[in-house]
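Colleague: Below are the sequence and a predicted model for it; my questions follow.
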Amino acid sequence: MSITKLDDVQVFTIGTNTKVLRSRSWKKLRFEIEYALAKGTTANSYVIESDKIALFDPPGEKFKQIYLEKLQKIFDVTKINYVIVGHINPNRATTLKVLREIAPQITFVASKPGMINLKKILGDNNLPIIIMRGEDTLDLGKGHKLQFIPTPNPRYPDHLCTYDPQTEILYTDKLFGAHICGDKIFDEGWQVFLEDRRYYFECLMSPHTYQVKKALEKLSNFPARLYAPNHGPLVRYALIELTNAYRQGIQQQALQLISVALIYASAYGNTAAIAQAIAHGITKAGVRVESINCEFAAMEEIQAAIERSSGFIIGSPTLGGHIPTPVITALGIILSKANNNQLAGVFGSFGWSGEAIDLIEGKLKEAGYRLGFKPIRVKFTPNDIILQMCKETGTDFAQLLKKGKNPYIHSTCYFR
């Protein structure tokens, strides 16, 4: 008879005045395709207790109670000065609200897009926030003068990394993570994590190779002895190997001659989850994806992506029966600049009737575009079956693009 392991929180000192709190779930935590290996995950949070106290990335609602209980055993939570948020996820809202009740003096630290999202999920336009733009520092005392590195990508436009020169720890947020739950805090015997890291990279990083490349260039300026990601083991033993695997994975994507522009906006994360699954299927078929979140992209960026792609896929939520303005703008660029010989695709999520999907499909058909698949319509949150279907749709779309072509397909796996 198998014993079901309960969620818990590991605490361990990882540097001077610095601890990690790993909230562990041994089951599949969320619906997104990145969790599909179903090996559980950890939500890693960190605390620096210096002259001032900084807390990094409190976890979402699932772990709220056990996390706060453990946190209160470590130090006086009422004395927290800063909460540093590497990216904003709506499911963190309840944990952040409780922390504000316990310690109302808390100042949040985030990127500029993170500031916008924080105010939205916490419902407070007067929220005390320090916006980090790239040259800013935050001095906690005793040598912990934190440096901040904005590393945005279409999936996480608010993504922010942090470096502590005192401990030489680089807090990498979504970079260098893996969805796997275990007892090892660090990555000793790192070869056993290769498959999990490869899959994580394919799901989260492959669709954003340009942005990930820029992030790696920025992070290379900070000498790290430890990567502290949001998920999975902390990276101490395979710093060089994992960094090189990311670089080579990016290079592998760049070698693909066929590319797809995947353009979308997402109100609550559901459309983004569909986009992520489609992108994973496309990259698995040896076709490059250029993901663009049109809420944050310049018109020139969208236009350039369309012009250099072999096909495009556009996704939208439906808000009040309408297409959101950023998607309307992107669609206008497509209709004015794209070649209607390009293969097209449409997807979206909705709460009621999904008019946006029908409107986009109609506009593309009127302009003479051929759709590579029947529009994907998802009501509310996609489940495992739907996400697998989206992944397969992405693969089929890529195969259609490859028919009659002779692209250079580089199949080497660099996570080895």
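Modeller: Done, it's in.

Colleague: how about Lys62, what does it touch?
Modeller: Listed by C-beta atoms under 8 Å, 6 or more residues apart in numbering, the contact set of Lys62 reads 7, 25, 29, 91. Placement of C-beta: from N, CA and C, glycine included.

Colleague: wait, is Glu290 part of a strand?
Modeller: Yes. When DSSP: H, G, I helix; E, B strand; the rest coil is applied, Glu290 is found to be in a strand.

Colleague: Surely it and Ala261 touch.
Modeller: Yes. Between Glu290 and Ala261 a contact is recorded at 5.2 Å, counting by C-beta atoms under 8 Å.

Colleague: which residues are in contact with both of those two?
Modeller: Common neighbours of Glu290 and Ala261 (C-beta under 8 Å, 6+ apart) are 305, 309.

Colleague: so where's the protein shaky on pLDDT?
Modeller: For the chain, applying pLDDT under 70 flags the ranges 1-3, 31, 404-416.

Colleague: now the helices for it?
Modeller: Assigned by DSSP state H, the helices in the chain fall at 64-74, 93-102, 112-122, 194-204, 209-219, 239-254, 270-284, 299-307, 325-337, 355-366, 384-402.

Colleague: Just send those helices back as CSV, with mean neighbour count too.
Modeller: Conversion of these to CSV gives the following (neighbours: other C-beta atoms under 10 Å):
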stretch, mean neighbour count
helix 64-74, 16
helix 93-102, 17
helix 112-122, 18
helix 194-204, 21
helix 209-219, 18
helix 239-254, 18
helix 270-284, 26
helix 299-307, 17
helix 325-337, 18
helix 355-366, 19
helix 384-402, 19
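
Colleague: out of the contacts of Lys62, who has the most neighbours?
Modeller: Leu29 (23 neighbours; other C-beta atoms under 10 Å).

Colleague: That one: what's it in contact with?
Modeller: 35, 40-41, 43, 62, 179.

Colleague: Recalculate using a threshold of 10 Å.
Modeller: 7, 23, 35, 38, 40-43, 59-60, 62-63, 179, 181, 231 (C-beta atoms under 10 Å, 6 or more residues apart in numbering).

Colleague: which among the contacts of Lys62 gets closest to Lys403?
Modeller: Leu29 (37.9 Å; C-beta to C-beta).

Colleague: Look up how far Val289 lies from the closest one.
Modeller: 25 Å (C-beta to C-beta, to the nearest Å).

Colleague: right, and Glu295 touches Pro154 too?
Modeller: Yes. With contact defined as C-beta atoms under 10 Å, Glu295 counts as touching Pro154 (9.2 Å).

Colleague: Of these two, which one has the most company?
Modeller: Neighbour count, other C-beta under 10 Å: between Glu295 and Pro154, Pro154 has more, with 25 against 18.

Colleague: ok, Tyr163 - contacts?
Modeller: 137, 145-149, 169-172, 219, 221-224.

Colleague: still on that earlier bit, so which of the contacts of Lys62 belong to strands?
Modeller: Residues of the contacts of Lys62 located in strands (DSSP state E): Ser25.

Colleague: Same list, the contacts of Lys62, but as TSV with distance to Ile102 please.
Modeller: Formatted as TSV, those follow (distance: C-beta to C-beta, whole Å):
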residue	distance to Ile102
Asp7	21
Ser25	24
Leu29	25
Asn91	19
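
Colleague: Ala272 contacts Pro317, correct?
Modeller: Yes. At 9.5 Å, Ala272 counts as touching Pro317 under the criterion of C-beta under 10 Å.

Colleague: Show me the common contact partners of the two, please.
Modeller: Counting by C-beta under 10 Å, 6+ apart, the residues touching both Ala272 and Pro317 are 264-266, 349.

Colleague: Using TSV, lay out these together with neighbour count and distance to Ser310.
Modeller: Below are these laid out as TSV (neighbours: other C-beta atoms under 10 Å; distance: C-beta to C-beta, whole Å):
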residue	neighbour count	distance to Ser310
Tyr264	28	18
Ala265	28	23
Ser266	23	24
Ser349	28	26
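
Colleague: List just the nearest of the residues you listed to Glu69.
Modeller: Nearest member of the shared contacts of Ala272 and Pro317 to Glu69, counting by C-beta to C-beta, is Ser266, at 32.9 Å.

Colleague: quick one, what contacts the closest one?
Modeller: 154-155, 272-276, 293-295, 315-317, 324, 348-349.

Colleague: rewinding a little: farthest-separated two in the contacts of Leu29?
Modeller: Ala38 and Pro59 (19.0 Å).

Colleague: Nearest spatial neighbour of Ala305, chain-adjacent residues omitted?
Modeller: Leaving aside its sequence neighbours, Ala305 sits nearest to Ala261 (C-beta to C-beta, 6 or more residues apart in numbering; 4.2 Å).
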